[in-house]
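Q: No letters, just coordinates:
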């Protein structure tokens, strides 16, 4: 029909960059249309806004056909007709549908992310130096570590550390960093509490022309502390790493904390 618009059924969904999350419940299949990479971020706690995860805020029986789930079906299968509650359950427990190529790429990236977190949390207790990411990846392969894309890199890094220690694959120990924090005197009192909140312990504190601390910190706090000092002192403060300290503490951080914030900045000695 020349000059006329081609009619498209309103139920037909044309989505790009879509990732389907699917859950079977009460003998029926339910689906969500999500953005790729956002599901894992939501599950790990990195992404808080569910509307950044969903392409369309709707529960479907079949996304590709645009077949929405009716309220009575949701009530029957989930015990509620609340779309938000059902979406949350599907996101938590559903299976993300990805191609073999995408899944392989996703697993490779997660594998390297886990190895990177292990490097940033640990030292070789024999040399007091950090392992390389490549070395940790090889050790993970040697113990046949299986990546779980529904868990954060940090949670899995803690599992990897325990398994590497148990198998004796490489010499490895959780480490803390001994750092020197120097603040201009005028900023010392104002920043004292934020500094104390961020460190594990204070070994020494001195107040003179500078307010100076020697502290033990978890490696994951290094970046946050350096950014705090830099921004609050307008570059006049300094954070320097003095050494790594082997620790036997097994602080189980497998609580969903963001794994992407461990120290990546160069060590100052």
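A: Happy to help now that I have it. Just so you know, these numbers come straight off a predicted model, no measurement behind them. Residues are numbered from 1 along each chain as shown.
Q: so where's the longest helix in this structure?
A: helix 100-121 (DSSP state H).
Q: How far off centre is that helix?
A: Its chain's C-alpha centre and that of helix 100-121 lie 12 Å apart, by Cα atoms, centre = their mean, to the nearest Å.
Q: quick one, what contacts residue 61?
A: 28, 29, 30, 31, 67, 68, 69, 73 (Cβ atoms under 8 Å, 6 or more residues apart in numbering). For every residue, glycine as well, the C-beta is placed using N, CA and C.
Q: related to what we said a few turns ago, and the next element down the chain from the longest helix of the chain?
A: Note on helix 100-121: by DSSP states H and E, the next helix or strand toward the C-terminus is strand 122-123.
Q: Highest neighbour count among the contacts of residue 61?
A: Highest neighbour count within the contacts of residue 61, by other Cβ atoms under 10 Å: residue 30, with 25 neighbours.
Q: For that residue, which three-state class applies?
A: strand (DSSP: H, G, I helix; E, B strand; the rest coil).
Q: Which residue lies closest in space to it, excluding its sequence neighbours?
A: Leaving aside its sequence neighbours, residue 30 sits nearest to residue 23 (Cβ to Cβ, 6 or more residues apart in numbering; 5.3 Å).
Q: any idea how far that neighbour is from residue 76?
A: 15 Å (Cβ to Cβ, to the nearest Å).
Q: and the two? which has more neighbours close in?
A: Taking neighbours as other Cβ under 10 Å, residue 23 and residue 76 compare with residue 23 leading, 20 against 14.
Q: could you list every residue that touches that one?
A: Contacts of residue 23 (Cβ under 8 Å, 6+ apart): 29, 30, 31, 89, 90, 93, 94, 95.
Q: what is the mean pLDDT for the longest helix of the chain?
A: Averaging pLDDT along helix 100-121 gives 87.
Q: Show me what it is packed up against.
A: With contacts taken as 3 or more Cβ pairs under 8 Å, 6 or more residues apart in numbering; DSSP states H and E, helix 100-121 sits against helix 133-142, helix 153-167.
Q: And the first one, what's buried?
A: It refers to helix 133-142. 133, 135, 136, 137, 139, 140 (16 or more other Cβ atoms under 10 Å).
Q: by how many degrees do that helix and helix 100-121 diverge?
A: Following axes from the mean of the first three to the mean of the last three Cα atoms, to 10 degrees, one obtains 120 degrees for the angle between helix 133-142 and helix 100-121.
Q: Grab the nearest non-local neighbour of residue 157.
A: Leaving aside its sequence neighbours, residue 157 sits nearest to residue 117 (Cβ to Cβ, 6+ apart; 3.8 Å).
Q: And the one you found, how far from residue 239?
A: Taking Cβ to Cβ, one finds residue 117 at 21 Å from residue 239.
Q: Next: residue 157.
A: From residue 157 to residue 239 the distance is 23 Å (Cβ to Cβ).
Q: mind listing what the residue nearest to residue 208 when sequence neighbours are not counted touches?
A: Excluding the flanking residues, the one nearest residue 208 by Cβ to Cβ, 6+ apart is residue 185, at 7.6 Å. Residue 185 is in contact with 207, 208, 209, 210, 211, counting by Cβ under 8 Å, 6+ apart.
Q: I'd say residue 78 and residue 84 touch.
A: No. Judged on Cβ atoms under 8 Å, residue 78 makes no contact with residue 84 at a distance of 11.4 Å.
Q: Look at those two and report which has more neighbours.
A: residue 78 (19 against 11).
Q: Include pLDDT and distance to residue 225 when you put the buried residues of helix 133-142 into CSV, please.
A: Rendered in CSV, the data for the buried residues of helix 133-142 read as follows (pLDDT from 0 to 100; distance: Cβ to Cβ, whole Å):
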residue, pLDDT, distance to residue 225
133, 94, 23
135, 96, 27
136, 96, 24
137, 97, 28
139, 97, 29
140, 97, 29
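Q: just curious, which of these is nearest to residue 39?
A: Checking these against residue 39 by Cβ to Cβ gives residue 140 as the nearest, at 23.7 Å.
Q: Quickly note the distance from the closest one to residue 131.
A: 11 Å.
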